[in-house]
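In: With the input below, show me the fold.
(one chain, ligands or ions: 1)
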Amino acid sequence: MVESIQRSTREERMEWIKTAKYNLFNLKSDQVFIDLLTDSGTGAMSDKQWSEMMLGDESYAGASSYYKLKEAIEDITGFEYFLPTHQGRAAENVLFSSMIKEGDIIPGNSHFDTTKGHIEFRKAHAVDCTIDEAFDTTLDHPFKGNIDLVKLENVLKSHPRQNIPMIIVTVTCNSSGGQPVSMENIKAVAAMAQQYDIPVVFDSARFAENAYFIKIREATYADKSVREIVREMFSYADAMTMSSKKDAIVNMGGFIGMKHKEMFEKASVFNILFEGFISYGGMSGRDMNALAQGLYEGTEFNYLETRIGQVAYLGQQLKDHGIPVQYPFGGHAIFIDAKRFLPELPVDQFIAQTLAVELYIEGGVRGVEIGTLLADRDPETGENRYPDLELLRLTIPRRVYSNNHMDYVAAALINVFERRVEISKGLKIVKEAPILRHFTVELEKA
Ligand code: F0G
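Out: Sure thing, here's the model as predicted:
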């Protein structure tokens with residue numbers, strides 16, 4: 001599908017962003033020239049996916065589309081049991097409802113905001129065990145998504161088993177920069193989990209990108225296919241939650257994959273309650289068909305090489321101009337280190353959000369803040385949480401933009417970089433929601 005995009009003037013953008021309360025989620029899409037807000041649901045579906053849409057079976061129960069998806073999920077991931085959901089956070093909601101209770105501790109690697117939201121909503125705690133290397137954007141480390149085994153074991157040792165319902169492994173790790181987890185690390189986490197008898201759940205939104213990185217960065221996997229690597233990755237997990245809007249290249253959808261019947265039966269109750277009957281769970285038949293097809297396309301080596309290569313193409317231009325970016329480049333996005341881009345701004349003025357606003361004003365490019373706004377307030381103390389990294393994420397939709405668009409984005413950000421000394425004031429909050437505030441927050445100039 002091809003869409004036209006609209007250019008605008010700097011004056012128009014200054015007015016629009018002010019009306020949007022300096023929150024880029026409040027912009028209308030036609031006020032955006034190049035939209036790098038997210039890679040979630042924004043990919044272009046293929047000819048084969050669109051043809052699958054025409055074959056959708058919309059039966060309430062037992063639709064052929066359900067069985068087609070079930071077969072594709074088992075083939076790609078190896079999970080025998082699955083539940084469809086309308087998107088990734090719905091998969092979290094269903095699975096966590098059946099597994100997490102108040103006071104629980106859930107260790108993992110930089111839990112994504114909805115994952116953390118669903119944990120904290122249940123008055124449980126997410127403990128980040130990501131390796132320290134992830135928080136130094138200048139360090140070159142092939143697997144910055146890895147879990148620090150010492151940190152993990154400390155958590156497992158210091159809490160009773162009944163308070164740790166699962167360990168979450170996010171592949172790739174979005175919040176730390178689209179960074180992969182190595183197979184070696186996955187294996188070690190699974191071995192430790194087995195020792196403590198704790199299930200491992202993969203947050204799998206970008207599992208195929210993770211497998212691609214394992215293939216090209218972990219020597220012993222060079223000759224394995226992406227699909228073989230994917231199967232091996234999932235063999236170490238008890239369950240997976242999936243936002244199909246990412247690596248399965250559909251506009252809407254999600255699922256839970258599970259190894260154990262008992263886990264499936266428990267989760268099914270909540271699936272029916274929150275999502276829909278277990279054979280459609282929030283998805284129409286045609287969407288399940290497109291998803292089944294997308295799982296195959298999203299795990300093709302040539303596609304992944306082109307996609308991740310395009311992300312690196314943008315990253316390299318920025319790096320060559322001295323712009324501080326999380327390195328190595330992520331799978332789905334380039335993450336700008338906003339604290340190093342704007343070193344004079346105080347953290348309580350939302351540095352990465354300020355940079356996002358400046359880039360929008362400069363070129364109509366919409367990125368997204370992964371920083372203090374996203375980190376929310378501590379639910380117990382009510383204080384702002386200041387994460388180690390303040391990042392501006394430039395997220396590349398799948399199969400949508402050309403490298404020519406990437407050149408434009410790079411030029412716009414380079415312009416902002418050249419006038420960065422003039423950016424002396426950040427933003428302050430006028431209005432915010434108690435949880436996941438970044439979506440609706442209202443800001444003004446500090
Ligand atoms: N897990 C990860 C790692 C994610 O990146 C996301 C979504 C989810 C879970 C939730 O899935 O949106 O389908 O409900 N990430 C999007 C993003 C929103 O922009 O990175 P969802």
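In: Would you mind naming what in the stretch 201-350 of the chain lies close to the ligand?
Out: Residues of the stretch 201-350 of the chain lying close to the ligand by C-beta under 6 Å from any ligand atom are Asp203, Ala205, Ser243, Lys245, Gly254. Where you see a C-beta, it was placed from the backbone N, CA and C, and this is true even at glycine.
In: now these as a markdown table including secondary structure?
Out: Shown next, in a markdown table, are those (DSSP: H, G, I helix; E, B strand; the rest coil):
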| residue | secondary structure |
| --- | --- |
| Asp203 | strand |
| Ala205 | coil |
| Ser243 | strand |
| Lys245 | coil |
| Gly254 | strand |
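In: filter the residues you listed to the buried ones?
Out: Buried members of those, counted by 16 or more other C-beta atoms under 10 Å: Asp203, Ala205, Ser243, Lys245, Gly254.
In: Widest-spaced pair of those?
Out: Across those, the longest distance by C-beta to C-beta is 13.3 Å; it joins Asp203 and Lys245.
In: From start to finish, how long is stretch 172-185 in a straight line?
Out: The distance separating the two terminal residues of stretch 172-185, taken as C-alpha to C-alpha, to the nearest Å, comes to 13 Å.
In: What mean pLDDT does that stretch get?
Out: Mean pLDDT, computed over stretch 172-185, is 95.
In: got a list of what the one residue sitting closest to the centre of the chain touches?
Out: Nearest to the mean C-alpha position of the chain, by C-alpha atoms, centre = their mean, lies Asn174 at 4.4 Å. Residues in contact with Asn174 (C-beta atoms under 8 Å, 6 or more residues apart in numbering) are Ser110, Phe112, Ala205, Arg206, His332, Ile370.
In: need the longest helix for this structure.
Out: In terms of residue count, the longest helix belonging to the chain (DSSP state H) is helix 301-320.
In: Quick one: list the elements packing against that one.
Out: Packing contacts for helix 301-320, counted by 3 or more C-beta pairs under 8 Å, 6 or more residues apart in numbering; DSSP states H and E, involve helix 207-217, strand 333-337, helix 403-418.
In: Switch the ones you listed over to JSON lines; also include mean neighbour count and mean pLDDT.
Out: JSON lines is the format used below for the helices and strands packed on helix 301-320 (neighbours: other C-beta atoms under 10 Å; pLDDT from 0 to 100):
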{"stretch": "helix 207-217", "mean neighbour count": "25", "mean pLDDT": "98"}
{"stretch": "strand 333-337", "mean neighbour count": "28", "mean pLDDT": "98"}
{"stretch": "helix 403-418", "mean neighbour count": "18", "mean pLDDT": "98"}
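In: Out of those, which is closest to Arg231?
Out: Closest approach to Arg231 among the helices and strands packed on helix 301-320 (C-beta to C-beta): helix 207-217, 9.2 Å.
In: Return the angle between stretch directions for the closest one and helix 301-320.
Out: Put simply, helix 207-217 runs at 80 degrees to helix 301-320, going by axes from the mean of the first three to the mean of the last three C-alpha atoms, to 10 degrees.
In: Please export the C-alpha coordinates of the helix or strand following helix 207-217 as PDB.
Out: Once the chain leaves helix 207-217, the next helix or strand it forms, by DSSP states H and E, is helix 226-235. The C-alpha trace of helix 226-235 is given here as PDB (Å, rounded to 0.1, in the frame of the first residue of the first chain):
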ATOM      1  CA  VAL A 226      16.600 -17.700  11.500                       C
ATOM      2  CA  ARG A 227      13.700 -20.100  12.000                       C
ATOM      3  CA  GLU A 228      16.000 -22.700  13.600                       C
ATOM      4  CA  ILE A 229      17.300 -20.100  16.000                       C
ATOM      5  CA  VAL A 230      13.700 -18.900  16.800                       C
ATOM      6  CA  ARG A 231      12.700 -22.500  17.600                       C
ATOM      7  CA  GLU A 232      15.700 -23.000  19.800                       C
ATOM      8  CA  MET A 233      15.100 -19.600  21.600                       C
ATOM      9  CA  PHE A 234      11.500 -20.500  22.400                       C
ATOM     10  CA  SER A 235      12.500 -24.100  23.500                       C
END
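In: For helix 226-235, what is the distance to the chain centroid?
Out: Distance of helix 226-235 from the chain centroid (C-alpha atoms, centre = their mean, to the nearest Å) equals 19 Å.
In: Give the other helices and strands that that helix contacts.
Out: Going by 3+ C-beta pairs under 8 Å, 6+ apart, helix 226-235 lies up against helix 64-77, helix 183-196, helix 207-217.
In: the inter-axis angle of the shortest one versus helix 226-235?
Out: On the basis of the same axes, to 10 degrees, helix 207-217 is oriented at 110 degrees to helix 226-235.
In: now helix 207-217, how far from the chain's geometric center?
Out: Counting by C-alpha atoms, centre = their mean, helix 207-217 comes out at 15 Å from the chain centroid.
In: Please tabulate the residues of the stretch 201-350 of the chain next to the ligand in a markdown table, including the columns distance to Pro346 and pLDDT.
Out: As requested, these are exported to a markdown table (distance: C-beta to C-beta, whole Å; pLDDT from 0 to 100):
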| residue | distance to Pro346 | pLDDT |
| --- | --- | --- |
| Asp203 | 32 | 98 |
| Ala205 | 33 | 98 |
| Ser243 | 34 | 98 |
| Lys245 | 35 | 98 |
| Gly254 | 38 | 98 |
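In: Arrange those residues in a markdown table, one row each, with distance to Ala61 as further columns.
Out: Shown next, in a markdown table, are these (distance: C-beta to C-beta, whole Å):
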| residue | distance to Ala61 |
| --- | --- |
| Asp203 | 29 |
| Ala205 | 28 |
| Ser243 | 25 |
| Lys245 | 25 |
| Gly254 | 20 |
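In: if we can go back for a sec, now the longest helix of the chain against strand 333-337, angle please.
Out: Per the same axes, to 10 degrees, the angle that helix 301-320 makes with strand 333-337 is 20 degrees.
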